[in-house]
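Trainee: curious how this folds, go ahead:
(one chain, ligands or ions: 2)
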Amino acid sequence: MATASPALVRVADKAAMAQAAADRLIAQIAVNPGRIAICLTGGSSPKQLYELLATDACRARIPWARVHWFIGDERFVAPGDPLHNMTVARHAFLDACAPPANIHPIPTDTAAPEAAARAYERELMAFYGADKLDPARPLFDLVLLGIGPDGHVASLFPGFPAVDVSDRWVVGVDKANVTPFVPRVSLTLPALGSCRTMLFEVAGPDKRAILTRVLAGENLPAHRARSNHHTILLIDAAAWPETSLDRSPPELPQALIIMGVAGSGKSTIGETLAQRLGWRFEDGDSFHPPANVAKMSAGHPLTDEDRWPWLQAIADEIARCRANGERIIIACSALKKVYRDILAGNRDDVRIVYLEGSQNLIADRMRHRKGHFMPTGLLDSQFATLEPPGGDEHPITVSVDAPVEAIVDGILQRLRIGQGRA
Ligand SMILES: Nc1ncnc2c1ncn2[C@@H]1O[C@H](COP(=O)(O)OP(=O)(O)O)[C@@H](O)[C@H]1O
Ligand SMILES: O=C(O)[C@H](O)[C@@H](O)[C@H](O)[C@H](O)COP(=O)(O)O
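Mentor: Ligands and ions are numbered 1, 2, ... in the order given. So this is what the prediction gives:
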């Protein structure tokens, strides 16, 4: 399933980003019962994440024997050098946690970066078991990336020929565009894109300007680097480009759609938010036509054809509220973009609130939900269907890994509504 635009997930600061990235990584690992491949990144952005992975809490959640660790680019310096990307990851967590045979560094003892690139390409192809990438069978479960000050990713610098290479998996890059000015070896955009999830970490005030350009669609490597499945940008408050993303609608929205997988907290958050705002809360499920209710009661899954009249009924209710000047909050999983297009379309007065959380966390909450039986596999299929809302949908994305009141406060802040206001 391809996502056209990346999901933008806002986190408070670098510590929250490391935690969110760790949750994502562990969740991605959890959905693959077989051999797992993670592609790490260099730079300073992932250091806190790497340190977190070595802590007991994270360490216990990773099946280390099944996880293989690669690197998206390497500085052409000897292992052990502080500039050496895989050395940084080794010292932070890999050496303490991963079996040595599962660590796959880019060799830097070759005569030139190009020879190292060829060797790493062979290693990746042997691991993958083919020399052509099949979009249906991604090379990596997760690719981690940072964004450089010039908009580079891995060591693919803007304007350099390496960015346009499409027939290779790894290339030598003889000189860098930014410090450190050492030769590099880099995976290409098609190799990086062959992943279930591409996860960017973008934090700190010095990233705000470049991120604004990337999200505006400038032809930079960081704009072109996209997974052929899911791409997610974790962005902290300091890097978040307020002007371009928080295009605050002139008035309060008419309707808020609280979306997310089953158990993400739609009813809990929606009801609390409705109380705080004094708006009406509705469970989207109550708009199903009788035929759908009968089908679901008989244990038959709904098709998209069944869903259209249901989604249209919710859209009609929003239109009715608009006509009456009434405001409404509707909980609706709305997992696919095509569903949200019916509910919100391009209307500025219908805002999507996306409850974002790792599968582990949500599964854990569902296990503890009183009076509910969770069929195993339900969450797997929910996450498989989920198309996180892209930047073009202007979602209010909130992490559910926080107390209910804090999540609601965060949504109110994003709506620019004073926290005390009812
Ligand atoms: N932020 C939160 N912290 C802790 N528990 C939560 C939070 N949000 C929801 N829950 C609990 O998680 C479970 C699922 O929430 P619910 O609102 O029923 O999800 P949904 O409506 O998306 O299926 C419930 O038991 C709820 O009390
Ligand atoms: O080898 C490298 O330098 C990286 O892989 C590089 O692509 C990095 O991710 C960005 O330059 C962001 O760097 P920071 O995280 O230090 O900002």
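Trainee: what's the local residue count around residue 24?
Mentor: Residue 24 has 23 neighbours, counted by other C-beta atoms under 10 Å. Backbone N, C-alpha and C define where each C-beta goes, glycine included.
Trainee: could you find the closest non-adjacent residue to it?
Mentor: residue 199 (5.6 Å; C-beta to C-beta, 6 or more residues apart in numbering).
Trainee: just give me the neighbour total for residue 200.
Mentor: Applying other C-beta under 10 Å, we find 25 residues neighbouring residue 200.
Trainee: so what's it up against?
Mentor: For residue 200, the contact set (C-beta atoms under 8 Å, 6 or more residues apart in numbering) comprises 6, 145-147, 222, 231-234.
Trainee: is any part of the helix or strand harbouring it close to ligand 2?
Mentor: Using DSSP states H and E, residue 200 sits in strand 195-202. No - in terms of C-beta under 6 Å from any ligand atom, no part of strand 195-202 sits within range of ligand 2; the closest distance is 7.3 Å.
Trainee: contacts for the helix or strand harbouring residue 275?
Mentor: In the assignment (DSSP H and E), residue 275 maps to helix 266-277. Helix 266-277 is contacted from outside by 256, 258-260, 279-281, 283, 327, 329-333, 353, 355, 400, 404-405, 407-408, 411-412, 417, 421-422, using C-beta under 8 Å, 6+ apart.
Trainee: now find how far off-centre it is within its chain.
Mentor: 25 Å (C-alpha atoms, centre = their mean, to the nearest Å).
Trainee: any idea of the mean pLDDT in it?
Mentor: Helix 266-277 carries an average pLDDT of 93.
Trainee: tell me what the residue nearest to residue 24 is bridged to.
Mentor: Using DSSP bridges, the beta-bridge partners of residue 199 come out as residue 144, residue 232.
Trainee: and residue 211, how many residues sit next to it?
Mentor: When neighbours are defined as other C-beta under 10 Å, residue 211 has 22 of them.
Trainee: so it makes contact with residue 234?
Mentor: No - between residue 211 and residue 234 there is no contact under C-beta atoms under 8 Å: 11.4 Å.
Trainee: if I look at these two, which residues touch both of them?
Mentor: Residues touching both residue 211 and residue 234 by C-beta under 8 Å, 6+ apart: residue 202.
Trainee: chain neighbours aside, what residue packs nearest to residue 289?
Mentor: Residue 289's closest residue in space is residue 309 (C-beta to C-beta, 6+ apart), at 5.4 Å.
Trainee: repeat that for residue 26.
Mentor: The nearest residue in space to residue 26 (C-beta to C-beta, 6+ apart) is residue 61, at 5.0 Å.
Trainee: thinking again about what came up before, so which of the contacts of helix 266-277 are in helices?
Mentor: 404-405, 407-408, 411-412 (DSSP state H).
Trainee: how many neighbours does residue 60 have?
Mentor: Per other C-beta under 10 Å, the neighbour tally for residue 60 reads 7.
Trainee: meant to ask about residue 144
Mentor: Residue 144: 27 neighbours (other C-beta under 10 Å).
Trainee: returning to that earlier point: out of the contacts of residue 200, which are close to ligand 2?
Mentor: Okay, of those touching ligand 2 (C-beta under 6 Å from any ligand atom), that's 146-147.
Trainee: how does this protein divide up, domain by domain?
Mentor: 7-245, 255-414 (automatic domain parsing).
Trainee: most tightly surrounded among the ones you listed?
Mentor: Of these, the one with the most neighbours on average (mean count of other C-beta atoms under 10 Å) is domain 7-245, at a mean of 19.
Trainee: that one: how far from the chain's middle?
Mentor: With C-alpha atoms, centre = their mean as the basis, domain 7-245 stands 14 Å off its chain's centre.
Trainee: average pLDDT for that domain, rounded please.
Mentor: Per-residue scores along domain 7-245 average to 95.
Trainee: try stretch 339-359
Mentor: 91.
Trainee: partner residues bridging residue 331?
Mentor: Beta-bridge partners of residue 331, as defined by DSSP bridges: residue 258, residue 283.
Trainee: you'd agree it is up against residue 286?
Mentor: No - counting by C-beta under 8 Å, residue 331 sits too far from residue 286 to count as a contact (9.8 Å).
Trainee: how near is residue 201 to residue 20?
Mentor: Residue 201 sits 9 Å away from residue 20, going by C-beta to C-beta, to the nearest Å.
Trainee: overlap in contacts of those two?
Mentor: Contacts common to residue 201 and residue 20, judged by C-beta under 8 Å, 6+ apart, are residue 234.
Trainee: the most centrally placed residue in the chain: what's it in contact with?
Mentor: When C-alpha atoms, centre = their mean is applied to the chain, the residue found nearest the centroid is residue 232 (2.9 Å). Shown in contact with residue 232 (C-beta under 8 Å, 6+ apart): 6-7, 9, 24, 197-200, 388.
Trainee: what's the nearest residue to the residue in the stretch 151-300 of the chain that ligand 2 sits nearest to if we skip its chain neighbours?
Mentor: Going by C-beta to the nearest ligand atom, ligand 2 is nearest to residue 154 of the stretch 151-300 of the chain, at 5.1 Å. By the measure of C-beta to C-beta, 6+ apart, the closest residue to residue 154 outside its immediate chain neighbours is residue 73, 3.8 Å from it.
Trainee: on that earlier part again, next one: the residue nearest to residue 289 from residue 323, what distance?
Mentor: Residue 309 is 20 Å from residue 323, where distance means C-beta to C-beta.
Trainee: residue 287 against residue 312, yeah?
Mentor: No - assessed by C-beta under 8 Å, residue 287 is found out of contact with residue 312, at 9.1 Å.
Trainee: quick check, the residue nearest to residue 26 in a helix?
Mentor: No - looking at residue 61 with DSSP: H, G, I helix; E, B strand; the rest coil, it is coil, so not inside a helix.
Trainee: the residue nearest to residue 154 touches residue 152, doesn't it?
Mentor: No - with contact defined as C-beta under 8 Å, residue 73 does not count as touching residue 152 (9.3 Å).
Trainee: from the contacts of residue 232, pick the one nearest residue 117.
Mentor: Of all these, residue 198 has the smallest distance to residue 117: 20.6 Å, by C-beta to C-beta.
Trainee: residues touching the closest residue to that closest one other than its chain neighbours, list them.
Mentor: Closest residue to residue 198 apart from its sequence neighbours, by C-beta to C-beta, 6+ apart: residue 227 at 3.8 Å. Residue 227 makes contact with 3, 138, 143, 193, 195-198, according to C-beta under 8 Å, 6+ apart.
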